[in-house]
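*Asks:* Show me how the following folds:
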Amino acid sequence: MARPFFAARLEDRLNTKLGDVVRSRGWNERVIAYTGYGSSKFIRVLARVVFTPPMDGSDDEHRIIPDLADTLLQRRGWRNFFTAPAVNHRVNATIDGHTYQVATDRNGYVDSRLPVRGLQPGWHEIRLQCGDSEPVEAPIMVVDPEQTWGLVSDIDDTVISTSLPRPLLAAWNTFVVHESARQAVAGMSEMYRSLMAEHPQAPIIYVSTGAWNTAPTLIRFLKHHRFPIGPLLLTDWGPTNSGWFRSGQEHKRMALRDLAIDFPKIQWILIGDDGQHDPSIYGEFAEAHPDRVNVVAIRQLTPGEQVLAHGTLAPISADELDDADAEVPEVRAEDGYELQPLLQQAIEGQLDTRAARANANPR
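*Replies:* Residues are numbered from 1 along each chain as shown. Got it, this is the predicted structure:
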């Protein structure tokens, strides 16, 4: 669009004015680091820069003062949604002896791919610093370029019962409830750990329409319930250049597209639920890229959960699965305990099918 949507323009003016006000009061930039990923050819850096109050004014340099970036990460509930973003600020990103410069967007977020080459598969750290702020370390998961196995998982109603579309309960879960009080979907943690144990170097990526503000809470929830840790790909709620809110469906489609481009050899296991549009989004991706999807696994919500999720007893995307590509198997069950044997059987079936094809078409 030639001119952004008026709500986006209003938000930009408010963020700029808020930044000017808090800076005049001595607030400083602080970097909140998120988990990124990469390969031997690039890394994707994810972070946010916000303004925080000045640290303790004591002259004692050695006084123990909690790091404010860590304090932000430990905050929970509604406080995570009330921040002053540092808009269009430069951030220095240092890894493997090289420093790159990235910039925050209109809401203080960093999402940049850097041409970092030669990193070995495994976990690395990149140092991020904005202005004179204290540097922070962001974990980066580097995937082997020959890796052919990976897992993409939704979060809401797939690994955690949130009934997110129901406004009142969503607000309660997001703004008030501590992560230890949230309920994990039965058997999903065990299923994920079992799958990842068979492929310890494979990536697991959590893709959700949840807001980035909830990332600290989600990370603690995943750790508390012993889910394998991997990058979160969340979204930024609020006005866009074309409307009031970002499209959650489009966010997931773009995330899958990016992962297909970033890791061209991986065949993904896609795990979601039928409370919203995961079946249709995964089905579309599998139909367009059958060679990039191993199996689709859908957690089935109960009729009661369906009502809480979208107001009807039946899955809202059930009719959209009819044209899903037959080359990609799909399994469905109510929880991880029931899904795991079906998923393992489907994975083994795919291996047998590919072996048969390879024998029928030797090079």
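*Asks:* chain center to stretch 33-43, what's the gap?
*Replies:* 13 Å (Cα atoms, centre = their mean, to the nearest Å).
*Asks:* Kindly report the same for stretch 282-297.
*Replies:* 19 Å.
*Asks:* cool, stretch 139-147 as well?
*Replies:* Offset of stretch 139-147 from its chain centre (Cα atoms, centre = their mean): 16 Å.
*Asks:* got the end-to-end distance for that stretch?
*Replies:* Stretch 139-147 has an end-to-end distance of 20 Å (Cα to Cα, to the nearest Å).
*Asks:* Helices of the stretch 251-363 of the chain, start to end?
*Replies:* 278-288, 303-310, 336-360 (DSSP state H, counting those that start in this stretch).
*Asks:* Could you do the stretch 101-250 of the chain as well?
*Replies:* Using DSSP H, counting those that start in this stretch, the helices of the stretch 101-250 of the chain run over 167-175, 188-198, 215-224, 248-262.
*Asks:* most neighbours per residue, which of the ones you listed?
*Replies:* helix 215-224 (a mean of 19; mean count of other Cβ atoms under 10 Å). Using the backbone N, CA and C atoms, a C-beta is placed for each residue, glycine as well.
*Asks:* Quick one: mean pLDDT for that helix?
*Replies:* The pLDDT scores in helix 215-224 average 89.
*Asks:* Which strands or helices does that helix pack on?
*Replies:* helix 68-74, strand 204-211, strand 232-235 (3 or more Cβ pairs under 8 Å, 6 or more residues apart in numbering; DSSP states H and E).
*Asks:* contacting residues around the closest residue to Tyr109 other than its chain neighbours?
*Replies:* In space, and not counting its chain neighbours, Tyr109 is closest to Arg48: 5.1 Å by Cβ to Cβ, 6 or more residues apart in numbering. Contact partners of Arg48, counting by Cβ atoms under 8 Å, 6 or more residues apart in numbering, are 31-32, 34, 85, 104, 108-110, 212.
*Asks:* Among the residues you listed, which one lies nearest to Val21?
*Replies:* Val21 has its nearest neighbour among the contacts of Arg48 in Pro85, at 12.9 Å by Cβ to Cβ.
*Asks:* Next, give phi and psi for the closest one.
*Replies:* phi -70, psi 140 (degrees, to the nearest 10).
*Asks:* ok, back up a step: lowest-confidence stretch among the helices and strands packed on helix 215-224?
*Replies:* helix 68-74 - the lowest mean pLDDT of the helices and strands packed on helix 215-224, at a mean of 43.
*Asks:* Is it correct that His124 is in contact with Ala138?
*Replies:* No - the pair His124 and Ala138 fails to qualify as a contact (Cβ atoms under 8 Å) at a distance of 9.5 Å.
*Asks:* and this protein, what are its domains?
*Replies:* What the TED database lists as the domains of the chain is 4-16+27-140, 147-356.
*Asks:* Comparing these, which yields the minimum mean pLDDT?
*Replies:* domain 4-16+27-140 (a mean of 78).
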